[in-house]
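Peer 1: no FASTA, just this:
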């Protein structure tokens, strides 16, 4: 795939009819939705049907399942994600015709022109932080535009064109596309080396974040005061301002550190929620969250820093963040049967897996166990991080490891789920390797018992296993299923489709 370099942006009014390849991805869907709102003719395709595709069709987009050259129609601009290969028939046809071909980030960047842009980046937490900012603005009566990598719980869209002047986007670092956005506010939740098949080295990855944080339009950098990689980033940005080697934006730090500008104080965790105090310059007060884990407290602090910079007062920001309902596939309750709760989570990097399992631990009562169903994602990531992924999985009591979800990648010899399963420390965790996708749900149902919390982990098709586990538990117990809210979650697109 490689890294992308920013291109000159074209205003949406100059794009002509737009065709989006992989339009069913959550981020691509958001761009398509906004273009439709602007009156731009939109068409698109994806490899499989989804609620996102059906929603776009209902709004007038010409969408197709499967990729064929003739589906480009009269398109003048073709938008692609990093997951689209050059031999895709629609992309190949666009090249043959000499059409304008834009990466999704350039299309999104064009939508940011003339607006106050907020680009939220970080190895972990960017979807949740983006959703927190947008949800709080909407709750406060604002109408922001946004494109987010995971739709709000209970909705079928990852994007919206609002009447206000703010556009909030989730900025993906995996392919360097976060450098494309003309944002006034850059947010960095953390810097934890990932996607090294594109970046090459951890230092190059960190340098990419420095480039993002000091982009030509960035007025303020909101950055973690707790994450080691983010602390190093802050120091590097400050050096630029002190020694005159480059421009440095205004910096606002957040976290539990004593010197954080937005400070988290006295956080406590119980069940699937938390309570804490949030203060800035002596102003602040108590907050609660109904989503679990220290990582979500940090995400809320980042969102608070953005919201107050955008003009929300302290009390409104805290109240609206406390009402945050969650996003799809972020510790989302899928169902409960006979005292067993089944959650689904997008965690796939070892740091994310560990954070999610620690949060799960706070949500089980005495005697209850954490049962993790882990699907390693990408052959390259598994090759590079299998030891760390195995160590993170060991935070569960029962671990069921599925085979690798390769998505856009070709297999690598010797890199399978067994590589992870065999490395999980067994002092505290019992491990089962289940490479047969169809067998995963009944295996998990056979392991789970009353009081347990089951969580499926990964950004591949493991999300489809969670409702199957609920069904298998119901058949085992001959009980009706208690589900929370909406039906089984819409799967996010693989990271590259965002």
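Peer 2: Arrived safely, thanks for sending. Treat the numbers as computed from the prediction; the structure is a model and nothing was measured. Numbers count the residues shown, from 1 in each chain.

Peer 1: can you give me the distance of residue 208 to residue 173?
Peer 2: Distance of residue 208 to residue 173, given as C-beta to C-beta, to the nearest Å: 6 Å. Backbone N, C-alpha and C define where each C-beta goes, glycine included.

Peer 1: which element is the residue nearest the centre of the chain on?
Peer 2: By C-alpha atoms, centre = their mean, the mean C-alpha position of the chain lies nearest to residue 127, the distance being 3.9 Å. In this structure, residue 127 is located in helix 126-139 according to DSSP states H and E.

Peer 1: neighbouring strands - and their directions - for the helix or strand just after that helix?
Peer 2: Sequence order places strand 145-147 as the next helix or strand after helix 126-139, per DSSP H and E. Here strand 145-147 is paired, per DSSP bridges, with strand 159-160 (antiparallel), strand 166-170 (parallel).

Peer 1: how about these, which one is nearest residue 137?
Peer 2: Nearest of the strands paired with strand 145-147 to residue 137, taken as C-beta to C-beta: strand 166-170 at 6.9 Å.

Peer 1: give me the contacts around the helix or strand following that closest one.
Peer 2: Using DSSP H and E, the helix or strand that follows strand 166-170 in sequence is strand 185-188. With contacts defined as C-beta atoms under 8 Å, 6 or more residues apart in numbering, strand 185-188 is touched by 116-122, 126, 129, 171, 209, 212-213, 215, 218-224, 230, 233, 249, 302, 305-306, 309-310.

Peer 1: what's the answer for stretch 244-255, then?
Peer 2: The contact list for stretch 244-255 (C-beta under 8 Å, 6+ apart) reads 186, 213-214, 216, 218-227, 234, 237-241, 259-264, 298, 301-302, 304-305, 309.

Peer 1: if you set the cut-off to 7 Å instead, what comes out?
Peer 2: Stretch 244-255 is contacted by residues 214, 218-226, 234, 237-238, 240-241, 260-262, 264, 298, 301-302, 305, 309 when judged by C-beta atoms under 7 Å, 6 or more residues apart in numbering.

Peer 1: tell me how many other residues crowd residue 366.
Peer 2: Residue 366 is flanked by 5 other residues according to other C-beta atoms under 10 Å.

Peer 1: next: residue 215.
Peer 2: Counted with other C-beta under 10 Å, the neighbours of residue 215 add up to 20.

Peer 1: again, but for residue 426
Peer 2: 9.

Peer 1: likewise residue 160?
Peer 2: For residue 160, using other C-beta under 10 Å, the count is 21.

Peer 1: hang on, isn't it packed against residue 143?
Peer 2: No: taking contacts as C-beta atoms under 7 Å, residue 160 lies outside contact range of residue 143: 8.5 Å.

Peer 1: ok, which stretches of the stretch 151-300 of the chain are helices?
Peer 2: 196-199, 202-213, 228-243, 294-310 (DSSP state H, counting those that start in this stretch).

Peer 1: just name the most buried of those helices.
Peer 2: Mean neighbour count (mean count of other C-beta atoms under 10 Å) peaks for helix 294-310 among those, with a mean of 26.

Peer 1: give the rounded mean pLDDT of it.
Peer 2: The average pLDDT within helix 294-310 is 96.
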